[in-house]
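Chemist: Sequence and predicted structure, then a few things I'm wondering about:
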Amino acid sequence: MIEIKNIRKNYGDFTAVDVAELKIPKGESFGLVGNNGAGKTTLFRMLLDLIKPTEGEVLIKETAVHLSEDWKQYTGSYLDEGFLIGYLSPEEYLHFIGSLHGLSQGEVTERILPYAEFFNGEILGNKKFIRDLSKGNQKKVGIAAALLSEPEVLILDEPFANLDPSTQIRLKNLLRQLKEEKQMTMLISSHDLNHVTEVCERVVVLEKGLVVHDIKTHDDTLKELEEYFAV
Amino acid sequence: MIGKLSSLRWKETWRTSVWQQNLIVNIILGFFMVYMMANLLLVGFFLDDMLIKVVPNTSPMAVVNRYLIYYFGIDLILRFYFQNMPLISVQPLLHLPIRKNRLVTYLLNKTLPHPNNLAPLFIIIPFALEWEDYAPASESIIWLVMMLALTLTSNFFSIGLKKQMGAKNKTAAILGAAFLLSLILDYFGLFDLSVYSEIIFSAVIDNPLLLAVPILIAIGAYSWCFRLFRQALSLDHMEIKSQKASAESNQIQAIRRLGTWGELLALELKLIWRNKRTKSVIWMSAFFLLYGLIFFPQQSYVDNDFMIILVVMLMNGMFLLNYGQFLLGWQGNHFDALLANNIRFKTYYKAKFMLFLTVTAVSFVLTLPYGYFGMHLVWASFAMMLFNIGVNSFVIMFFGSFNPKRIDLSQSSVMNWQGVGASQFLVSIPIMVLPFVIYTPFALFGTPEMGYIALGVTGAIGLALHNVWLNLLEKWLQIRKYDIAERFRQPD
């Protein structure tokens, strides 16, 4: 589904990301962990053609992301607040994103119904603009928007950070359910080793831009990772 | 402690984005400031000579005193718009071991070095110096002290009032209405405020003991303000009031049904109406529709073909210029959202083009009444409208992709230089020059009418080929988008 080929990003002398090869097959839930500055967000931005790699390319469905924009039709993503439009209400934002995928008003309304629990009654119908929501609630809106079009590929950067415990658990269940029912390919980065090992069947550790571990998740993965990150 | 706080203030001032621009912008702003100061000083030094010419046989001081009350009235209204009390700036200090009274003092002192307080000094002090030609020095000193006290009063009174009333537009409107009423009463000779103004202010000069009154008023205003802010020094007074999201209007919904470009246009309209800085662009553009009233009532301008083109272009294209110079910057906060989602850049630019087309056409219709001063103004305006839509809008969309900066939408645009760079000044050059490049040869070697036709035809051709330009813009943004997005991700 996704193929990363010899991708490298330099900022001056500093190499932010340098990944020789990484293939993510359809339906895989792929976790990315690493300390601050390891290059997780930079890698995701290159996947979404937001940053131009210094070298190499990213293919989604065998097409380079920077040559064709077809991948935008089946890729849902939320990286940071830069993906939100602050002066819209959450509903307006979801309808706007929905319309870009050709969803009618009614379809969008129907599709956000199941998120009522996820939103915990704080987001919809609250007459607030997104810019006035708390960080956690902003993140919920962003994640819901990414899922709205039921994409084949889902890319989320730090989805668990800033979320309350109940929502973290709900999100984990939701992601597992999407993987099983829809065979959604998902790429999730996280600082939280617990969450990422629970949700993802494969975990890649990034350090200073390099892939240092690439493990299929099993019972001892969490322990392995904890040992790796222990100082 | 005072030293630490003032070093904090020093950093706050110099590290605001105004000064963190490139050198050229700072030099331009610097020249502008020096020019303004020189102007004020000139007025200050020659005010007495001017007044003697305008109102002979009366001492200039008496004339000035007559109008002081109006001066302070206007001053108060202006301060409502220009002056802010940034309570929020002490938020990070609240939990630290600093006495709250000290924080309030710090806040209040911070309001003093504001252009509103400094600019009058450039007139008041030289005028007081000139005073010595007419009266003993003691008089000019008394007058000076009185003026300083009243300026301080105005400063603290307006800040306090703004804090107390909250809804600043309403309060300012009441003040403005009161001021207008006094002017009307004055006009019909019912109540002449200037007589009382002269009596009051001259009384102070004649009787130095009365100087205590303005000083006491200033102290009163300060302590009133102090008490107000002392009480407000807690977090729940500082939270920025969030605007209630209102339902989409029917018009917006109709626009959204036009397809993806309609969605994007609706988004842009919401951007404009829901943010302070963009809203002031609208007011400014609307205000500029009156620009012609300065020139066209004079026959010499109605006959000056080049002047007509310039004025008509600015009236018609003010929105284009003002909004277009930050074209991408307005959306800098969510540019990544536009890139990662299913949006073609052609559609993105089409929405902007339709916005320019609509606003420019509406401006043309609104300026039709200028036909009263001569029908050729309407023809010039029509030609310029076509040119603005068919050529200038694409020019600004193209240049808008150079060196854009993210705009902080929440700030008001009054004296706001955030996001202004040399490239923003440069954008207006082709917009202002191009019409003359087309117009001049036809007007010089033919008639002005031929110039209008040339402008209109060029614009119409540009408009007819809009698809070509939009395709080119799309290709261009494909190349530039990484660089632009990277700039927008940088913190200010």
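Modeler: That came through, no problem.

Chemist: what ranges of chain B fall below the confidence cut-off?
Modeler: Scanning chain B for pLDDT under 70 picks out B:1-2, B:13-22, B:81-82, B:84-86, B:88, B:166-172, B:235-247, B:411-423, B:491-492.

Chemist: sec struct for residue A:49, please.
Modeler: Applying DSSP: H, G, I helix; E, B strand; the rest coil to residue A:49 yields a three-state assignment of coil.

Chemist: That one touches residue A:65, doesn't it?
Modeler: Yes: counting by CB atoms under 8 Å, residue A:49 touches residue A:65, with 4.4 Å between them. C-beta here means a position set from N, CA and C on the backbone, and glycine is covered the same way.

Chemist: so what's in contact with the two at the same time?
Modeler: Contact criterion CB atoms under 8 Å, 6 or more residues apart in numbering or on different chains; residues shared by residue A:49 and residue A:65: residue A:58.

Chemist: The longest helix belonging to chain B packs against which elements?
Modeler: When chain B is parsed with DSSP state H, its longest helix is helix B:23-54. Judged by 3 or more CB pairs under 8 Å, 6 or more residues apart in numbering or on different chains; DSSP states H and E, helix B:23-54 is in contact with helix B:60-82, helix B:115-130, helix B:422-445.

Chemist: Mind checking these for the one nearest to chain A?
Modeler: Among these, the nearest to chain A by CB to the nearest CB is helix B:422-445 (21.6 Å).

Chemist: Just the residues contacting that closest one, thanks.
Modeler: Residues outside helix B:422-445 that contact it (CB under 8 Å, 6+ apart): B:22, B:24-25, B:28, B:305-306, B:309-310, B:313, B:317, B:320-321, B:324-326, B:384, B:387, B:391-392, B:395-396, B:399-400, B:402-404, B:450-455, B:458.

Chemist: Then stretch B:259-276?
Modeler: The contact list for stretch B:259-276, computed with CB under 8 Å, 6+ apart, reads A:85, A:87-88, A:92, A:96, A:99-100, A:129, B:243, B:252, B:255-256, B:258, B:278-279, B:281-282, B:323, B:330-331, B:343-344, B:347-348, B:350-352, B:354-355, B:409-413.

Chemist: Mark which of these are buried, thanks.
Modeler: Those of these that meet the buried threshold are A:85, A:87-88, A:92, A:96, A:99-100, A:129, B:252, B:255-256, B:278, B:281, B:323, B:330-331, B:343, B:347-348, B:350-352, B:354-355, B:409, B:413, by 16 or more other CB atoms under 10 Å in any protein chain shown.

Chemist: Give the buried residues for stretch B:197-207.
Modeler: Of the residues in stretch B:197-207, B:197, B:198, B:201, B:202, B:204, B:205 count as buried by neighbour count, 16+ other CB under 10 Å.

Chemist: Can you pull the residues of chain B lying near chain A?
Modeler: B:242-246, B:248, B:256, B:260, B:263, B:267, B:270-271, B:274-275, B:333-337, B:339-344, B:409-410, B:482, B:485-486, B:488-489 (CB under 8 Å from any CB of the partner chain).

Chemist: Of the residues you listed, just the buried ones, PyMOL syntax please.
Modeler: Those of the residues of chain B next to chain A that count as buried under 16+ other CB under 10 Å are selected in PyMOL with:
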select buried, chain B and resi 245+248+256+260+263+267+270+271+274+275+333+334+335+336+337+339+340+341+342+343+409+482+485+488+489
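
Chemist: Summarise which helices and strands the helix or strand hosting residue B:10 is packed against.
Modeler: Element membership for residue B:10 (DSSP states H and E) is helix B:2-14. With contacts defined as 3+ CB pairs under 8 Å, 6+ apart, helix B:2-14 has these neighbours: helix B:100-110.

Chemist: Check whether residue A:77 really touches residue A:97, as I assumed.
Modeler: No: between residue A:77 and residue A:97 no contact is recorded; they are 10.8 Å apart, counting by CB under 8 Å.

Chemist: Specify the helix with the largest residue count in chain A.
Modeler: Counting by DSSP H, the longest helix found in chain A is helix A:165-182.

Chemist: ok, so of the buried residues of stretch B:197-207, who is nearest chain A?
Modeler: If you rank the buried residues of stretch B:197-207 by distance to chain A using CB to the nearest CB, residue B:197 comes first, at 46.0 Å.

Chemist: After the helix or strand hosting the closest one, heading C-terminal, what element do we hit next?
Modeler: Using DSSP H and E, residue B:197 sits within helix B:193-206. Per DSSP H and E, the first helix or strand lying C-terminal to helix B:193-206 is helix B:212-231.

Chemist: ok, for residue 147, nearest residue in space, not its chain neighbours?
Modeler: In the absence of a named chain, chain A is used. Of all residues not flanking residue A:147 in the chain, residue A:76 sits nearest, at 5.9 Å (CB to CB, 6 or more residues apart in numbering or on different chains).

Chemist: wrong one, I was asking about chain B
Modeler: residue B:124 (4.9 Å).

Chemist: Just list the residues touching the one you found, thanks.
Modeler: By CB under 8 Å, 6+ apart, the contact list for residue B:124 reads B:44, B:144, B:147, B:148, B:151.

Chemist: hmm, try it at 10 Å
Modeler: Going by CB atoms under 10 Å, 6 or more residues apart in numbering or on different chains, residue B:124 touches B:40, B:44, B:47, B:64, B:143, B:144, B:147, B:148, B:151.

Chemist: can you list these in a markdown table and add neighbour count and distance to residue B:222?
Modeler: Shown next, in a markdown table, are the contacts of residue B:124 (neighbours: other CB atoms under 10 Å in any protein chain shown; distance: CB to CB, whole Å):
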| residue | neighbour count | distance to residue B:222 |
| --- | --- | --- |
| B:40 | 18 | 26 |
| B:44 | 20 | 26 |
| B:47 | 18 | 29 |
| B:64 | 21 | 25 |
| B:143 | 24 | 21 |
| B:144 | 17 | 19 |
| B:147 | 23 | 17 |
| B:148 | 19 | 13 |
| B:151 | 20 | 12 |
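
Chemist: which one of those residues sits closest to chain A?
Modeler: residue B:151 (37.4 Å).

Chemist: I figured the closest one was touching residue B:68, is that so?
Modeler: No: between residue B:151 and residue B:68 there is no contact under CB atoms under 10 Å: 11.2 Å.

Chemist: if we can go back for a sec, quick check: the residue nearest to residue B:147 vs residue B:471, distance?
Modeler: Note on residue B:124: its distance to residue B:471, by CB to CB, to the nearest Å, is 60 Å.

Chemist: Find the residues that touch each one of residue B:151 and residue B:68.
Modeler: Joint contacts of residue B:151 and residue B:68 (CB under 10 Å, 6+ apart) are residue B:75.

Chemist: quick one: which of the buried ones among the contacts of stretch B:259-276 sit in helices?
Modeler: Per DSSP H, the buried ones among the contacts of stretch B:259-276 map to helices at A:92, A:96, A:99-100, B:252, B:255-256, B:278, B:281, B:323, B:347-348, B:350-352, B:354-355.

Chemist: Could you say which helix or strand holds the residue nearest to residue B:278 when sequence neighbours are not counted?
Modeler: Among residues not flanking residue B:278 along the chain, residue B:272 sits closest, at 4.4 Å (CB to CB, 6+ apart). Taking DSSP H and E as the criterion, residue B:272 maps to helix B:260-273.
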